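Participant: Attaching a predicted model along with its sequence, questions to come.
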Amino acid sequence: MRPARRGARSTSLALGVVTAVLATACGSPSSAPVRRIVPTTVAPTTTSAPTTTSAPTTTQPSAVPTTVPTPVVPTAGWSRPATALPPVGGFTSVSCISEVFCLAAGGGSDHADAADSTGPGAVATWDGATWAPAADYYTAAPGSSPPPWMPAIACTDGPLCAVVDGSGHTSLGDGTNWGAPTPLAVVSGAAPDPADPGPGHAGSRTAAVSCPTSHFCAYVDNTGHVATLHGTTWTAPEVFTSRSGSSTVALFQTGRVAVSCASELACTALVGGASLDWDGTTWTVSSGPWGGVGASGDTAVSCPAPGTCTAVHGGSVATRSGGSGWGPPRPIDTNGGLDAVSCPTTSVCVAADAVGNVLRSAGGAWGTPQKVVPTPSAYTGDGTSLSCTSEQFCLVLTGDGDFATYGGADPTSSAPTVPATTVPPTT
């Protein structure tokens, strides 16, 4: 994403405080109160985020708190790295609505690490200064069938958050209250790709989600399934296929897949070398920027406007604009392992790799990799997560729980300042 689990050193948020943060951070109109999202298709939980976090059942040997394992020289515009996530397993996804409201999803079982750790699926909340102890959205214990695999989260104004995972479960909430995980409908499809090792192997089951509004989300997994959320109801997944020799098989990709929606009428997903595009009614398939190469390793995509997307894979980046086809991949990171990208505008993007580097682009010109968080040492298979709400704020997070925030000057500035604290000041 396992040696010792992470210790929580953040303070807990009471429900009333979270409600106030949500009202401020999510930009709800002043004429209408903030509305809690409680799915109608599932029974919502009846308790708020817990004030204490008990250690989940786990295969890990202990829950001794750890600190950032290796020093990282502060990079202009980025905070010094810190570690402050609860001991529930690696965190595989982060989504920010503003610089004072981010959520990270993790836990579960993905068999992506040496220890094959397991535990409940959990979500932790960031208020601009601290991480609150995680609340379980999925209480499946080790040995249950199936546990959550590699959860991914997307949040938007409303507030609405959707958590999905590689086991085909989804959960909706508002950052504090979560509906019980509900499996997507089972649909028949093509035969599995011969490269698909089946559940329970490293990187064999991953999913991604994007929510451009509080009424719509798009889902994709690495076995070629796509689905859309309308209101509180997910459609039955649609299965896309590819060719393997003379056979037609389901799409498959080892590692993390990607989806990004610029609106309810424009989404792009990347899986198994294919590009899947949603126009508000149907999904269509075309060749992805890396073709068959995309069937191995992590991918990420960010689409700040309809038809305009930036994708990363390996050490390269590919773009398209105005609804045209994908341009040829360009190398930007000699470290390889690019697995996260976030484009807050059509002119600025930030990408991250698996060893703790970030790169920024302005006007299509990419800078050099800059080390902002340590290379993961415990949750090595969980990858890096990244979310940028504007050109002025990003949060990068590793599975180890090491994170850093960008709160510097305009990225085009010649002399951004180094923050004096580990996090940007709250406003």
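Facilitator: Ah, there it is. Keep in mind the model is a prediction, meaning the values are calculated, not measured.

Participant: now Gly128: how far from Val100?
Facilitator: According to CB to CB, to the nearest Å, Gly128 stands 3 Å off from Val100. From N, CA and C alone the C-beta is placed, and that goes for glycine too.

Participant: likewise Val348?
Facilitator: 21 Å.

Participant: Same question for Asp402.
Facilitator: 20 Å.

Participant: Please apply the same query to Thr223.
Facilitator: Distance from Thr223 to Val100, by CB to CB: 37 Å.

Participant: And the helices in the stretch 201-350 of the chain, which stretches?
Facilitator: Using DSSP state H, counting those that start in this stretch, the stretch 201-350 of the chain contains no helices.

Participant: Thr223 and Val100: who's more crowded?
Facilitator: Thr223 (28 against 18; other CB atoms under 10 Å).

Participant: Quick check: the more buried one touching Pro197?
Facilitator: No - checked against CB atoms under 8 Å, the pair Thr223 and Pro197 is beyond contact range at 11.5 Å.

Participant: Show the subsequent helix or strand relative to the helix or strand of the chain with the lowest mean pLDDT.
Facilitator: One helix or strand of the chain scores below all others by mean pLDDT, DSSP states H and E: helix 15-25, with a mean of 34. Using DSSP states H and E, the next helix or strand after helix 15-25 towards the C-terminus is strand 82-83.

Participant: and that following strand, average pLDDT?
Facilitator: Throughout strand 82-83, pLDDT has a mean value of 88.

Participant: Mind jotting down where the strands sit in the stretch 301-427 of the chain?
Facilitator: Along the stretch 301-427 of the chain, the segments classed as strands by DSSP state E, counting those that start in this stretch run 308-313, 316-320, 330-331, 338-342, 348-353, 357-362, 365-366, 370-371, 384-390, 393-398, 402-406.

Participant: can you redo the ones you listed as a markdown table with mean pLDDT?
Facilitator: As requested, those are exported to a markdown table (pLDDT from 0 to 100):
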| stretch | mean pLDDT |
| --- | --- |
| strand 308-313 | 97 |
| strand 316-320 | 97 |
| strand 330-331 | 96 |
| strand 338-342 | 97 |
| strand 348-353 | 98 |
| strand 357-362 | 96 |
| strand 365-366 | 96 |
| strand 370-371 | 96 |
| strand 384-390 | 96 |
| strand 393-398 | 96 |
| strand 402-406 | 95 |
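
Participant: what would those strands look like in a markdown table with mean neighbour count?
Facilitator: Rendered in a markdown table, the data for those read as follows (neighbours: other CB atoms under 10 Å):
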| stretch | mean neighbour count |
| --- | --- |
| strand 308-313 | 26 |
| strand 316-320 | 20 |
| strand 330-331 | 12 |
| strand 338-342 | 25 |
| strand 348-353 | 25 |
| strand 357-362 | 21 |
| strand 365-366 | 12 |
| strand 370-371 | 18 |
| strand 384-390 | 23 |
| strand 393-398 | 27 |
| strand 402-406 | 28 |
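
Participant: closest one to Arg243 among those?
Facilitator: Closest to Arg243 of the strands of the stretch 301-427 of the chain is strand 308-313 (CB to CB; 20.7 Å).

Participant: Can you list the strands that that closest one pairs with?
Facilitator: With DSSP bridges as the test, strand 308-313 is paired with strand 299-305 (antiparallel), strand 316-320 (antiparallel).

Participant: Can you say which of these is nearest to Tyr219?
Facilitator: If we rank the strands paired with strand 308-313 by CB to CB, the stretch that ends up nearest is strand 299-305, at 14.1 Å.

Participant: So which residues make contact with that closest one?
Facilitator: Applying CB atoms under 8 Å, 6 or more residues apart in numbering, the external contacts of strand 299-305 come out as 253, 255-262, 266-271, 290, 309-313, 338-346, 349, 351.

Participant: cool, stretch 315-335 as well?
Facilitator: Residues from elsewhere that reach stretch 315-335, judged by CB under 8 Å, 6+ apart: 275, 286-290, 306-313, 336-338, 341, 346, 351, 353, 355, 357, 359, 361, 364, 366, 369.

Participant: Any chance of TSV for the strands of the stretch 301-427 of the chain, columns distance to Ala152?
Facilitator: Formatted as TSV, these follow (distance: least, CB to CB, whole Å):
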stretch	distance to Ala152
strand 308-313	16
strand 316-320	21
strand 330-331	26
strand 338-342	11
strand 348-353	15
strand 357-362	20
strand 365-366	25
strand 370-371	25
strand 384-390	9
strand 393-398	13
strand 402-406	17
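
Participant: These: which one's closest to His230?
Facilitator: Here strand 308-313 is closest among the strands of the stretch 301-427 of the chain (CB to CB), at 22.7 Å.

Participant: could you give the angle of the closest one to strand 348-353?
Facilitator: Strand 308-313 runs at 20 degrees relative to strand 348-353, counting by axes from the mean of the first three to the mean of the last three CA atoms, to 10 degrees.

Participant: now the strands paired with strand 308-313 in CSV, with distance to Thr176?
Facilitator: Listed next are those as CSV, based on distance: least, CB to CB, whole Å:
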stretch, distance to Thr176
strand 299-305, 27
strand 316-320, 36
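
Participant: Quick one: closest of those to Gly245.
Facilitator: That would be strand 299-305 among the strands paired with strand 308-313, by CB to CB, at 23.7 Å.

Participant: any idea of the angle the closest one forms with strand 384-390?
Facilitator: Interaxial angle of strand 299-305 relative to strand 384-390 (the same axes, to 10 degrees): 10 degrees.

Participant: Could I get the CA-only coordinates of strand 299-305 as CSV?
Facilitator: Taking C-alpha atoms only, strand 299-305 is exported to CSV below (Å, rounded to 0.1, in the frame of the first residue of the first chain):
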residue,chain,number,x,y,z
THR,A,299,-2.0,5.1,-13.4
ALA,A,300,-3.7,8.3,-12.5
VAL,A,301,-5.7,10.9,-14.4
SER,A,302,-7.1,14.4,-13.6
CYS,A,303,-9.5,16.3,-15.9
PRO,A,304,-10.0,19.9,-14.8
ALA,A,305,-12.3,20.7,-17.8
